[in-house]
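Undergrad: Okay, here's the prediction I keep looking at, along with the sequence it came from:
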Amino acid sequence: MYDQFYGFTGRPFQLTPDPHFYFESGTHRKAMSYLGYGLAQGEGFIVITGDVGAGKTTLVGHLMNTIDPNRLTAVKLVSTQVEGDDLLRLVAEQFGIEWEEQSKAELLRSMEQYLREQARAGKRTLLIVDEGQNLAISALEELRMLSNFQLGGHSLLQIFLLGQPEFRQTLFHSPTLEQLRQRVIATHHLDPMEPEEVEPYILHRLGKVGWTGNPSFSPDAFEEIFDYSEGVPRKLNVLVSRLLLYGAVEQMHRITAQNVRSVVAEIEADRGIDASTLAPLPVEEVVAAAAAAVAPTPAPFAAPTPANETALEWPQRAAAPVADGRGPFAVPDEPAPVVTLTPPDPTADELLELMPAAVVDTPAAPAIDPEHLAALEAQIASLETRLVEQDAALRRVLDLLIEWVERDPANAPNPATSRTWAA
C-alpha cells in the first residue's frame, strides 16, 4: 500500500532477507573481511554469530552473490535441529547424492568421492550451516569429520557456521569439541548498528526502490527510530515499514519524531504494552520507590489483655477501626486524649508465649561444608570426563570395525542378525 502512495518500485523494509538490500555497516564490513579471509584459506571453520535479526542471513546471501559459481560450489543448510546421522543425510542431499538405502560408511564414501570430483574439476566446495545454535554435539562432530577430507594435502571442504550468541557458548566451552575448536580459523560477532548508521541504512534501502525524497525524515526521527530499534536491522525494518504505512494512511510527506513515537505506541499496544510505561520515571520517584521497598515493616506486638480491662488502662484498644468510609485504619477527626499508662512488665514465660511459633520452634538450617561440596563437584566432573572418554573410545572402535569390514567383505556380520546404520 505505502509503496504505491510514495511511488516505490518495491517494499524496501520487508522482513524476508534479501541480499539486494545489503548495507555494509561497520560490523558487517568486519564480518565480510573474515569471510573473505576464510575463503582465501580454503580450509577450516569460520564462525559468525549475532542476535536475532542482526543480518546474518543477508550477509551470507550477499557473499553468495559475490562468489563465482564456476570456481566455488556453495551449499547451505538451514534446518539444523538434528543429530549427527541426519545431518549427514541433509548434507548429502544438498550435494545431490542419493542417500537412501546407503549405510553410513557408504554415504561417507560417496560424499568424499563427490568432493574429490569437484576438486579435480578445479572447483572448491563451501558448506554454510545456518542456525548453528540448534546443532547437537554429535552433528558438530560429524561436520568436523567431513572437514578431514583431503586431496593432495589440500582440504576438500570448507565450512561456515552461523548462529545466535549462545552458539559461541556451546562451541568454545564444551569439553567434547576441542578438536573442532582447533579447526576454527576466524570468528566474528555481528553487533547492532551505531546511531550514526541508522540514517544511511534507511536511505540506502529506500534508494533501492526508487525513493526521490518523498517522504522526507526529520533528524530527530532517526534518533527515535534508533532508540526503539537499538540498531537491530530487523527491529528497524519492522518500525520503518509501519511508519511508512502510517504516513501513507495519513497522507504525510514528512516523517517527524512525533510520528515515530505514535507508531511505537501502536506497536506496543498491539503487543499489550502500555507505551506510557516505556518512559523512565523521574529520579525522585525511583528513589522513593526503592526506599519503600527496602523499608522494614514493624511486626505487630500485642500484650495480653485481660477480659475485664478498660480502654483507658490499655490504650491499644482505643485504635479500633473507624467506620467512616476512609478505610479500616482511618484516624478520627477529633484527636483522642493522650493517656500514658505503663503496663506491667511481662515475665520471660509470657514473652515466650507471645513469640511466633516459627521463631521458637524452627531449627537453624544446617551449615554447608565448602570442602564437602567441592569434593562432590570434583567427583561429578570426573564422572563426566570418564563418560566423554568412553564415548570417544567407542567411536574409535566402531570406525576400526567399519574399516576392517571394508577391507575384507568376508568379515561382514550376518545381515539377518545385524541392523545397518540406514535402518
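TA: Alright, I've got the coordinates.
Undergrad: Run through who's touching stretch 24-40.
TA: 22, 44, 46, 48, 55, 59, 62-63, 72, 126, 158, 160, 185-188, 190-194, 197, 201 (CB atoms under 8 Å, 6 or more residues apart in numbering). For every residue, glycine as well, the C-beta is placed using N, CA and C.
Undergrad: Which pLDDT does the model give Pro17?
TA: If you check Pro17, the pLDDT there is 85.
Undergrad: Tell me where the stretch 1-150 of the chain has strands.
TA: Applying DSSP state E, counting those that start in this stretch to the stretch 1-150 of the chain gives strands spanning 45-50, 72-77, 124-129, 150-151.
Undergrad: Among these, which comes closest to Glu112?
TA: For Glu112, the closest of these is strand 150-151, at 9.2 Å, according to CB to CB.
Undergrad: what's that closest one packed up against?
TA: helix 104-120 (3 or more CB pairs under 8 Å, 6 or more residues apart in numbering; DSSP states H and E).
Undergrad: Show me the contact partners of the helix it packs on.
TA: 73, 85, 88-89, 91-92, 95-97, 99, 102, 124-125, 145-146, 149, 151, 154, 156-157, 402, 406, 421-422.
Undergrad: pLDDT below threshold where in the chain?
TA: Scanning the chain for pLDDT under 70 picks out 80, 273-368, 397-399, 401-423.
Undergrad: By residue count, tell me the biggest helix in it.
TA: Across the chain, the longest stretch assigned as helix under DSSP state H is helix 370-407.
Undergrad: quick revisit: of the contacts of helix 104-120, which count as buried by neighbour count?
TA: 73, 88-89, 91-92, 95, 97, 99, 102, 124-125, 145-146, 149, 156-157 (16 or more other CB atoms under 10 Å).
Undergrad: Would you mark the buried spots in the host helix or strand of Glu268?
TA: Using DSSP states H and E, Glu268 maps to helix 257-270. For helix 257-270, burial by neighbour count (16+ other CB under 10 Å) applies to 257, 259-261, 263-264, 267-268.
Undergrad: Return the list of helices and strands in contact with that helix.
TA: helix 219-229, helix 233-249.
Undergrad: ok, now with 10 Å
TA: Applying 3 or more CB pairs under 10 Å, 6 or more residues apart in numbering; DSSP states H and E, we find helix 257-270 packed against strand 216-217, helix 219-229, helix 233-249.
Undergrad: Count the residues that sit near Ile121.
TA: That one is not Ile; residue 121 is Ala. When neighbours are counted by other CB atoms under 10 Å, Ala121 registers 9.
Undergrad: how about it, what does it touch?
TA: Taking CB atoms under 10 Å, 6 or more residues apart in numbering, we find Ala121 in contact with 70, 73.
Undergrad: Cross-check the contact I'm expecting between Asp191 and Pro233.
TA: No - using CB atoms under 10 Å as the test, Asp191 is too far from Pro233 to be in contact (11.2 Å).
Undergrad: shared neighbours, these two?
TA: 25, 28, 50, 54.
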